[in-house]
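Q: Below: sequence and its predicted model.
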Amino acid sequence: MDQYVTGSTIKVLREKKKLTQKQLAELLAVSDKTISKWETQKGLPDITLIKPLAETLGVSIGELLSGQLFSNENRSANLRKGNFYVCPVCGNIIYAVGNGSFHCCGIALPPLEAEAIDSEHSLKAERIEDEYLVSCRHPMEKQHYLSFFAYLSAGQLQIIKLYPEQNAESRFKIHGHGTFYAFCNRHGLFSITV
């Protein structure tokens with residue numbers, strides 16, 4: 001049976017926080033022998049201790065249970081280094097400045113990678129006064145459509161949700177150089193830089 005939390009994860013996180021087994025035990029109101037049992041795989045934390053253990057170790061419950069630790073390598077919060085996440089069930093759109101662990105409709109969402117532009121997903125951005133008109137010759141049918149357009153500049157992200165009955169175009173206020181994204185519900189994320 002797979003364990004829901006591993007002793008090696010607890011040990012690594014405890015050492016990262018510069019805590020001894022005794023200090024961690026005191027914070028959780030358990031004995032240091034209990035911590036030792038967890039770390040040597042001779043016992044597991046009680047389910048009621050999972051949340052306090054995660055909080056004490058400075059991680060999310062998901063990170064503690066999976067053993068996958070996430071760190072934001074984009075500490076400057078540069079919008080251009082972020083990631084899009086889209087739920088394949090309900091279509092929710094998430095944009096995070098950096099990597100994250102996101103779930104929607106019970107599914108872990110991977111960060112989207114922009115695909116190479118092809119003839120079906122060729123984006124066009126034309127300047128009209130103080131706006132960009134972004135368009136794409138793309139089907140907008142119930143089974144195959146663009147879900148959203150986004151305009152990402154150095155300091156701003158604009159997202160416009162699209163629906164099958166609409167035209168595959170949107171207008172964005174100009175905020176300097178940036179990248180336009182389009183998300184196809186079948187083929188993924190596409191982008192052009194202006």
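A: Happy to help now that I have it.
Q: could you pull out the helices for this protein?
A: With DSSP state H as the criterion, the chain has helices at 7-16, 21-28, 32-39, 50-57, 61-66.
Q: just checking, what packs against the last one?
A: The helices and strands touching helix 61-66, judged by 3 or more CB pairs under 8 Å, 6 or more residues apart in numbering; DSSP states H and E, are helix 7-16, helix 50-57. For the C-beta atoms, the positions are set from N, CA and C on the backbone; glycine is no exception.
Q: The second one now?
A: Helices and strands in packing contact with helix 21-28 are listed as helix 32-39, helix 50-57; criterion 3+ CB pairs under 8 Å, 6+ apart.
Q: Just name the most buried of those.
A: helix 32-39 (a mean of 18; mean count of other CB atoms under 10 Å).
Q: about what we covered before: what's the closest of the helices of the chain to E129?
A: In terms of CB to CB, the element of the helices of the chain nearest to E129 is helix 61-66, at 46.3 Å.
Q: hang on, the earlier thing: hey, least reliable of the helices of the chain by pLDDT?
A: Lowest mean pLDDT within the helices of the chain: helix 61-66, at a mean of 80.
Q: rewinding a little: what would the helices of the chain look like in JSON lines with distance to A125?
A: Formatted as JSON lines, the helices of the chain follow (distance: least, CB to CB, whole Å):
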{"stretch": "helix 7-16", "distance to A125": "45"}
{"stretch": "helix 21-28", "distance to A125": "54"}
{"stretch": "helix 32-39", "distance to A125": "55"}
{"stretch": "helix 50-57", "distance to A125": "44"}
{"stretch": "helix 61-66", "distance to A125": "38"}
